[in-house]
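K.L.:
coordinates only, no sequence provided:
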């Protein structure tokens, strides 16, 4: 099915804008330095990531999947794979890594969001760009949820997403067709489920080559298996659930 039957490029670009704003709003009350705000790293727990690492990983996934893997563009940094690839960076090491500063990490997410939305509107002849951009949006949303439960786990207040939306909106020219932007994530959830089905139709036909020595198609299949309740599928995203239910 043609993706345009579900959502236009303008609508998906609006989703990218909205999802990027929500990511940034989830940590908007954190300080600008790790030294000045210990919440960026936090204590080691097997069920949550350091928020600073999670922020960079969100940008990395969209960059690796769409910019580099699909569009063949150069990475924004030569270090991102070694820092943020969840399939190769062990959960136990993320807290001890020398990560870019909070300011640099926020800027990275913004730059990826702006570029991704631009690619959706002008796909440079790669007609599956919108499909995979929608998958990246779903990944953004999943990690906003992860940042929210991380805050809850660490006994921090809920992110003030609504309060910061106006501030973040200034950073992104609106392209959305949604009459009520506040409904963003909830409204697009159903539509994304159809789009992700189309993404996996592409995967099942083996139209994705390997990326960084890994079979991306296999990783996406594993992620979907995990979403369907198959714990082994979590391995595709660099994560396993132990018998005690802890994320490793």
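P.N.:
Nice, I can see it. Please read all numbers here as calculations on a predicted model, not as lab measurements.
K.L.:
what comes up buried for the longest helix seen in the chain?
P.N.:
Once the chain is assigned using DSSP state H, the helix that runs over the most residues is helix 129-153. Using 16 or more other Cβ atoms under 10 Å as the test for burial, helix 129-153 gives 129-141, 143-144, 146-147, 150-151. Bear in mind the C-beta positions are built from the backbone N, C-alpha and C, glycine included.
K.L.:
the helix or strand where residue 110 lies packs against which elements?
P.N.:
In this assignment (DSSP states H and E), residue 110 forms part of helix 102-121. On a contact count with 3 or more Cβ pairs under 8 Å, 6 or more residues apart in numbering; DSSP states H and E, helix 102-121 meets helix 9-25, helix 51-62, helix 129-153.
K.L.:
and the shortest one, what does it pack onto?
P.N.:
Looking back up the chat, that one is helix 51-62. helix 80-84, helix 102-121, helix 129-153.
K.L.:
low-confidence ranges in the chain?
P.N.:
Low-confidence segments of the chain (pLDDT under 70): 1-5, 160-248.
K.L.:
do that again at 90, thanks
P.N.:
Confidence mapping of the chain against pLDDT under 90 gives the ranges 1-8, 76-78, 125-128, 131, 154-248.
K.L.:
redo the helices and strands packed on helix 102-121 as JSON lines? Include distance to residue 98.
P.N.:
Formatted as JSON lines, these follow (distance: least, Cβ to Cβ, whole Å):
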{"stretch": "helix 9-25", "distance to residue 98": "22"}
{"stretch": "helix 51-62", "distance to residue 98": "11"}
{"stretch": "helix 129-153", "distance to residue 98": "21"}
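K.L.:
which of these sits closest to residue 109?
P.N.:
helix 51-62 (4.4 Å; Cβ to Cβ).
K.L.:
what lies in contact with that closest one?
P.N.:
23, 27, 30, 34, 39-42, 49, 80-81, 83-86, 94-95, 97, 99-100, 102, 105-106, 108-109, 111-113, 116, 133, 136, 139-140, 143, 146-147, 150 (Cβ atoms under 8 Å, 6 or more residues apart in numbering).
K.L.:
for stretch 35-44, same thing?
P.N.:
30-31, 34, 48, 50-52, 92, 95, 102, 150, 154, 156.
K.L.:
now with 6 Å?
P.N.:
30-31, 34, 50-52, 95, 102, 154 (Cβ atoms under 6 Å, 6 or more residues apart in numbering).
K.L.:
hmm, back to that, now the helices and strands packed on helix 51-62 in TSV, with distance to residue 71?
P.N.:
Formatted as TSV, the helices and strands packed on helix 51-62 follow (distance: least, Cβ to Cβ, whole Å):
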stretch	distance to residue 71
helix 80-84	16
helix 102-121	6
helix 129-153	7
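K.L.:
burial of the nearest residue to residue 154 once chain neighbours are set aside, as a residue count?
P.N.:
Excluding the flanking residues, the one nearest residue 154 by Cβ to Cβ, 6 or more residues apart in numbering is residue 42, at 5.7 Å. Burial measure for residue 42: 18 neighbouring residues, criterion other Cβ atoms under 10 Å.
K.L.:
if I look at residue 42, how far off is residue 53?
P.N.:
For residue 42, the distance to residue 53 equals 10 Å [Cβ to Cβ, to the nearest Å].
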